[in-house]
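Asker: After the sequence you'll find the predicted model.
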Amino acid sequence: MSSIPVRSHSDLVGWPTDDPARERSDRALCFLLCVYLATLVLEGPLRYGLLLVGAPNALYVRDLIALGTLGFLLTRGVVVDRWLDPLLAWSAAIFGLHAAIALMRGLPVFQVLFGLKIFMSVAYGMAMWRLIQPRFQSALMVAAVVYVITLCGIALNLFLEQLPWEGIEYQNAFTTVATTREWSAHGVRRLPGFARASYGAAMILGITGALAMVWLEKRSHRALIAVLTLLGISATTTKGMLLAFAVVAAALLVGAGRRGARSGHRMVTAMCALSFMLPSLVLLLNLSGSAPRDLPPLLMSAWERVSSVWPEALMLLSNGVAAILGTGVGGIGTPQLYGEAPHQYVSPDNLLLFAVVTFGLLGVLYYLLPAMATSRVLKRESDRVGESYTALVLLAYGYGIATPIVQDSFFAISLGCCLGVALLSSDSTGDAVPPRL
């Protein structure tokens, strides 16, 4: 492996595109990414359709797209091009290290594998950024199409009140699964649209709404998208995404192009600081106990999160070296349900705590990386890539205050792309800049 170089970002600027075979394979991988994302955008009716034909578990075949893409890109790089993509190398090293830590701590193998499945979406997004970057204009158009579909799904759900696939459950090899989660908040139904859950619809709408605003240059068009997106997210009653997208919309409406991206950089720094200090302050104040009597019902879930869920998440960390290394991959969240102690399941409802419990002190570095790289990204990438990066990072920090977003595949892939941009921007071996869109 020592004979295989790890090629830098500057080396890859101007990578030859006149190879028909490579171009066809890259287009095929991008098409498969669109297929994968479509299964997430239309997961509700898709699960319902597969259930009707007696093959509900066929949906999980989609994971082979991400796994196969990673394997193909790694093999092509090492065998054909004789170089190792640093994005693949970094993701393999990071997740491999923390998977090994989890196994050394005694976590069941299946629980660790389930954790790797979650983070595979992040690695998938990182690897695909190489292919998305030269096709970024097309990627924004795809995001706009997904945005319209998701918004129409929520509107249809609002008009019909209940879609045919909502709330239907079936049994798979491990547990009971719902085609679409049917629930309400304080008597108000949470609308999932075509997605599997309301918060999933809100995530997709927030991400694609931000990218649709980047795609449109006129401020009036951006304002229209912002209003429609806020109304759509409101219908899902996902308060965290509503607040996060409001910040993103403000950043994108300040100005188009580089000026808007630079103002977004300042907002990213502020949002990162807020998202870092808030859980730290809450944990230091020790707000455990009953909620105040005059607390509005709307804030009750927030109180429960900061007073009980966040402290419970940190209790998963042992003392000494284990606290420094973290629990390892699969040590918190959904993978716990498939381990030997499902009764200890904790969903931290906070991205920073999810990172710290999983990765230990290194989790703080991983968490801060997108914010620290923002300035370099704005200098090296095109205006639209810069705007998209700051918008998605703002969403990640803003909504990450209330949820561990990496457990959602759509958001994880988007975050992986951002991490790919951030890691490549740290390479200062050359002054070459990618072509501007």
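Answerer: Everything's here; your move.
Asker: Touching, V329 and H98? I think so.
Answerer: Yes - the criterion here is Cβ atoms under 8 Å, and V329 meets it with H98 at 4.7 Å. The C-beta positions use only the backbone N, C-alpha and C, and glycine is treated the same way.
Asker: joint contacts of those two?
Answerer: Common contacts of V329 and H98, defined by Cβ atoms under 8 Å, 6 or more residues apart in numbering, comprise T358.
Asker: distance between stretch 309-320 and the chain's centre?
Answerer: 23 Å (Cα atoms, centre = their mean, to the nearest Å).
Asker: For the helix or strand harbouring L424, which helices and strands make contact with it?
Answerer: Secondary structure from DSSP states H and E places L424 in helix 409-425. With contacts defined as 3 or more Cβ pairs under 8 Å, 6 or more residues apart in numbering; DSSP states H and E, helix 409-425 has these neighbours: helix 20-41, helix 86-104, helix 109-132, helix 198-215, helix 362-380, helix 383-400.
Asker: do you know which of the ones you listed lies nearest I154?
Answerer: Of all the helices and strands packed on helix 409-425, it is helix 198-215 that lies closest to I154, at 5.9 Å by Cβ to Cβ.
Asker: now the angle from that closest one to helix 20-41?
Answerer: Put simply, helix 198-215 runs at 130 degrees to helix 20-41, going by axes from the mean of the first three to the mean of the last three Cα atoms, to 10 degrees.
Asker: coming back round to it: using CSV, write out every CA atom in the helix holding L424.
Answerer: Only the C-alpha atoms of helix 409-425 are listed here, as CSV (Å, rounded to 0.1, in the frame of the first residue of the first chain):
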residue,chain,number,x,y,z
SER,A,409,-29.6,9.0,5.7
PHE,A,410,-30.6,12.0,3.6
PHE,A,411,-29.1,14.4,6.0
ALA,A,412,-26.1,12.1,6.6
ILE,A,413,-25.3,12.1,2.8
SER,A,414,-25.6,15.9,2.7
LEU,A,415,-23.3,16.2,5.7
GLY,A,416,-20.9,13.8,4.1
CYS,A,417,-20.6,16.0,1.0
CYS,A,418,-19.9,19.0,3.3
LEU,A,419,-17.2,17.1,5.1
GLY,A,420,-15.7,16.2,1.7
VAL,A,421,-15.6,19.9,0.8
ALA,A,422,-14.1,20.8,4.2
LEU,A,423,-11.4,18.1,4.0
LEU,A,424,-10.4,19.0,0.5
SER,A,425,-10.2,22.7,1.3
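Asker: give the contact list for the nearest residue to F119 once chain neighbours are set aside.
Answerer: The shortest distance from F119 to any non-neighbouring residue, by Cβ to Cβ, 6 or more residues apart in numbering, is to F95 (5.2 Å). Contacts for F95 (Cβ under 8 Å, 6+ apart) come out as L116, F119, A123, V329.
Asker: Do I have it right that T238 meets Y199?
Answerer: Yes - assessed by Cβ under 8 Å, T238 is found in contact with Y199 at 5.0 Å.
Asker: Mind listing the shared neighbours of these two?
Answerer: Common neighbours of T238 and Y199 (Cβ under 8 Å, 6+ apart) are R190.
Asker: what about those two, which has more around it?
Answerer: Shown here are T238 and Y199; by other Cβ atoms under 10 Å, T238 has more neighbours (27 against 23).
Asker: thinking again about what came up before, most packed of the helices and strands packed on helix 409-425?
Answerer: helix 198-215 (a mean of 28; mean count of other Cβ atoms under 10 Å).
Asker: which other helices and strands contact it?
Answerer: helix 20-41, helix 136-160, helix 219-236, helix 239-254, helix 383-400, helix 409-425.
Asker: That helix relative to helix 383-400, how many degrees between them?
Answerer: Relative orientation of helix 198-215 versus helix 383-400 (the same axes, to 10 degrees): 160 degrees.
Asker: Could you give the separation of helix 198-215 from the chain centroid?
Answerer: The answer for helix 198-215 is 12 Å, by Cα atoms, centre = their mean.
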